[in-house]
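Undergrad: the sequence and its predicted three-dimensional model are supplied below.
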Amino acid sequence: MKRSRTLQLYVAAVASGGGPRRGMLLMELVVALLVSSIIIAGLHASLAISVRSIPDSDGSTASALRGTRIADQFATELETAVHITERSATTIGFTVPDRDGDGFAERIRYAWTGTPGGPLTRQYNGSTPLTIADDVELFSLTPNFQSVAETYPSVGIEDTYESLLIDRSATSGLGNNEIKSDDWVGQHYAMTLPAGAYTWRPTRVQFRAQKSSFSFFYRTIRAQMLPASINLTPYGSSDEQETVYVLLSSYEWYEARFDKLDPHASGGGLCLVLDRNQSNSGVELQSTSDASGLLKSSNGGTSWSYNNGKSLVSRLYGKLTRASGSLSLSSNYLTSMGVTMRMKPNTPTLNWTIACLNHPELLSNKWETKFNANPTTVDVNGDAAGDWIVDDGDTFDADSLVDGVWRTNRTQLNSTPDCNFDTPTVVDVKFQNTSVGGNGATFKINAFRSGATCAPVLASLTKQSDGSQTLTLATKSSDANTRTLIKVPGLPNQPVYLHLILDPDTSSVSLSIDEVQYGTYALSPFESTDANRSACLGADVSDAEFSYARIRVMEPQP
C-alpha cells in the first residue's frame with residue numbers, strides 16, 4: 001500500500017510539472033532542432049535570393065546606375081556654366097561661378113576618347129583628370145543654341161576716279177579777299193555722304209585768284225588742308241601742303257593737289273587754308289554770297305572767323321569709299337545640351353537634355369573687365385590666371401581704379417594668354433581721352449596671325465584743343481607704314497563706345513562708334529617683326545580713361 005501511494009504521488013507530481021521531465025526534454029530538443037533546421041533553410045534561401053539580386057560590377061543594372069549618377073552630376077554642373085572654353089562632339093570644357101571664394105571661376109572638363117571602350121574623364125580646375133567611368137561604349141554631345149546675327153556693311157572700295165564733291169562756283173555776290181602778311185583766307189568743307197558711302201577723301205581743290213596789283217612777277221601762296229574744329233574753323237597742322245603760283249592780275253582758276261589726306265567720315269569737316277609764303281605783295285581770292293564757310297584770320301592763323309553768308313569760290317574734288325552689300329556675323333548662345341551615353345555594349349542607352357541657364361556664348365576665348373576690380377585678378381576666360389597684365393611687367397596700380405574707371409596714367413594693359421585672333425573677333429571698348437596731345441586712348445591688336453604674318457589694327461582717340469575728340473582707325477601695310485582707314489572728328493568730350501568686327505574671311509575690320517556704323521575696311525596681312533599676340537589697352541603720351549573692355553573670339557567653324 002505504501003509503494004502504491006508513493007507511485008500515485010509521483011505520477012501526480014509529473015502530471016503537474018513539479019517532477020523530473022527527462023524524457024519530455026529530449027523530445028522537445030528533437031522538435032526544436034527540426035524547427036530550427038527549417039528556419040535556417042528558409043533564411044539561407046532568402047539570403048541566396050538577395051545576394052543574387054545585388055548588381056555586380058559588370059551587370060547592366062550597375063552600369064545604368066553609374067550612368068545615372070554621372071548624368072546627374074554632369075547636368076548639375078553644366079546648367080550653371082557661364083563660359084564654354086572647349087567643345088566637340090565628345091568633349092566639353094566650361095567655367096562655373098566661383099565656388100571656393102578665390103575670385104576665379106571654376107573650370108570643369110568632361111572628355112571621352114571617342115573610341116568604344118574608352119574612359120570618360122572629369123577634370124576640375126588644374127587637377128589631373130579623373131576617370132569617372134571606364135569602358136564607355138558611347139558619349140556624344142549635341143548642342144542646341146540660339147543665333148543672334150549682327151549685320152554690317154561689306155568691305156568698302158574707294159572710287160577709282162575722282163569726282164566733284166563740293167561745288168562753290170556760283171557767281172552771285174562776288175567779293176575780293178586779299179592775302180597779305182598776317183591776313184589769311186580759307187574755306188570750310190563738310191560732306192554728308194550718299195547712301196552706301198562711308199568716307200570721303202579730297203584729292204584737289206580749285207579756287208579763283210589774282211595778283212593784288214599789276215606786276216610782271218608771279219605771286220605764290222601756300223595751300224593746306226587742316227582739320228576742322230567744332231567751331232568749323234581750322235586747327236592743328238597738315239602733313240601736306242602745296243605751293244600755288246598766281247600769274248595773272250585777273251581772276252583765273254588755280255589748283256592745289258593733295259595726295260596724302262586721310263579718309264573722313266560723313267559729316268566730318270576739313271578747312272582749306274591759303275596764306276602767303278613770300279614777303280612781296282599779296283594775292284586776292286574771290287568769294288561768293290551763294291554759300292557759307294568763308295574763313296579769315298588777321299593774326300597769321302592764331303584765330304579764325306567763320307562767315308555764314310559767304311563762301312570761297314571753289315570746287316573740291318575727291319574720292320568716296322563705298323560698300324555695295326552687307327555681311328553678317330552670328331553669335332551663338334548655348335541654350336541646352338543633348339547628351340547620349342551608353343556605358344557598355346548591350347546595355348541601355350541613356351539620353352537626356354541639360355538646360356543651360358546662363359546661355360553661355362560659344363567662344364574660343366574671351367576677355368572682359370568693367371574696371372570695378374583689379375583686371376589682373378579677374379578670370380573670365382577660365383584659365384586660372386588674371387585676364388590682363390601690365391605691359392612692362394609691373395604690378396597693377398589699384399589706385400588707378402576710381403568708381404569703375406581705369407585712369408591709365410600712361411600705362412598699357414595686355415590680354416593674356418596669347419591669342420592669334422584668327423577667327424572672327426568682336427571688340428567692345430568704352431574709353432575717353434582726357435588730355436590734349438599724343439595718340440590719346442588707344443586699342444591695338446594684331447589680327448589674323450599665322451606665324452609672323454598678321455594684320456595690325458589701331459584705334460586711337462585724341463582730344464582736340466576745342467574739347468572734342470577724334471577717333472582714328474588705322475592699319476599697317478608694313479612695319480614702317482601706317483595707313484589711316486578713317487577719321488571720325490567732332491566726337492563729344494565724354495566716354496566713346498568703340499565696336500570693331502575683325503573678319504579673317506574677308507580680311508577686314510568694321511567700325512561702329514556709339515552705335516553708329518562707319519563702314520568696313522580692307523586689311524592687308526604682312527610678315528611683321530611685331531610678335532605681340534595680345535589685345536592692348538592704354539595711352540601714348542596723353543592721359544586716358546577706360547570704363548569697359550570686352551574681346552570675344554568666336555570658336556572655329558567646322
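TA: Nice, I can see it.

Undergrad: residue ranges of the strands in the stretch 201-350 of the chain, please?
TA: Remark: strands assigned in the stretch 201-350 of the chain by DSSP state E, counting those that start in this stretch are 219-227, 241-246, 252-257, 264-265, 269-276, 283-288, 294-297, 305-307, 311-312, 314-322, 326-342, 350-355.

Undergrad: would JSON lines of these with mean neighbour count and mean pLDDT be doable?
TA: Where C-beta positions appear, they are placed from N, C-alpha and C, glycine not excepted. Output for those, formatted as JSON lines (neighbours: other Cβ atoms under 10 Å; pLDDT from 0 to 100):
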{"stretch": "strand 219-227", "mean neighbour count": "21", "mean pLDDT": "92"}
{"stretch": "strand 241-246", "mean neighbour count": "16", "mean pLDDT": "91"}
{"stretch": "strand 252-257", "mean neighbour count": "16", "mean pLDDT": "96"}
{"stretch": "strand 264-265", "mean neighbour count": "25", "mean pLDDT": "94"}
{"stretch": "strand 269-276", "mean neighbour count": "23", "mean pLDDT": "92"}
{"stretch": "strand 283-288", "mean neighbour count": "23", "mean pLDDT": "94"}
{"stretch": "strand 294-297", "mean neighbour count": "22", "mean pLDDT": "96"}
{"stretch": "strand 305-307", "mean neighbour count": "15", "mean pLDDT": "96"}
{"stretch": "strand 311-312", "mean neighbour count": "25", "mean pLDDT": "97"}
{"stretch": "strand 314-322", "mean neighbour count": "21", "mean pLDDT": "96"}
{"stretch": "strand 326-342", "mean neighbour count": "17", "mean pLDDT": "94"}
{"stretch": "strand 350-355", "mean neighbour count": "15", "mean pLDDT": "93"}
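
Undergrad: dump the residue contacts of the closest residue to residue 180 other than its chain neighbours.
TA: In space, and not counting its chain neighbours, residue 180 is closest to residue 282: 3.5 Å by Cβ to Cβ, 6 or more residues apart in numbering. Residue 282 is in contact with 178, 179, 180, 181, 183, 212, 219, 276, counting by Cβ atoms under 8 Å, 6 or more residues apart in numbering.

Undergrad: sec struct for the second one, please.
TA: By that I understand residue 179. strand (DSSP: H, G, I helix; E, B strand; the rest coil).

Undergrad: now for the residue nearest to residue 245 when sequence neighbours are not counted: which residues touch it?
TA: Among residues not flanking residue 245 along the chain, residue 218 sits closest, at 5.0 Å (Cβ to Cβ, 6+ apart). Listed by Cβ under 8 Å, 6+ apart, the contact set of residue 218 reads 211, 245, 246, 247.

Undergrad: most widely separated two among these?
TA: 211 and 245 (10.6 Å; Cβ to Cβ).

Undergrad: joint contacts of those two?
TA: 218, 219.

Undergrad: picking that back up, measure the residue nearest to residue 245 to residue 312 for me?
TA: 21 Å (Cβ to Cβ, to the nearest Å).

Undergrad: where do the strands of the stretch 51-200 of the chain begin and end?
TA: Secondary structure of the stretch 51-200 of the chain, counting by DSSP E, counting those that start in this stretch: strands at 83-87, 91-96, 106-112, 118-124, 130-136, 138-153, 157-158, 163-168, 175-179, 184-190, 197-211.

Undergrad: buried deepest among those strands, which one?
TA: Comparing the strands of the stretch 51-200 of the chain by mean neighbour count (mean count of other Cβ atoms under 10 Å), strand 184-190 ranks first with a mean of 24.

Undergrad: show me the shaky parts of the stretch 151-300 of the chain.
TA: 214-216, 277-281 (pLDDT under 70).

Undergrad: quick revisit: for the contacts of residue 282, which one is nearest residue 412?
TA: Closest to residue 412, out of all of those and judged by Cβ to Cβ, is residue 276, at 44.1 Å.

Undergrad: name the helix or strand for the spatially most central residue of the chain, please.
TA: Central residue of the chain (Cα atoms, centre = their mean): residue 551, 2.4 Å from the mean position. Assigned by DSSP states H and E, residue 551 belongs to strand 544-554.

Undergrad: what helices or strands is that strand leaning on?
TA: strand 326-342, strand 363-369, strand 405-407, strand 425-433, strand 441-450, strand 535-539 (3 or more Cβ pairs under 8 Å, 6 or more residues apart in numbering; DSSP states H and E).
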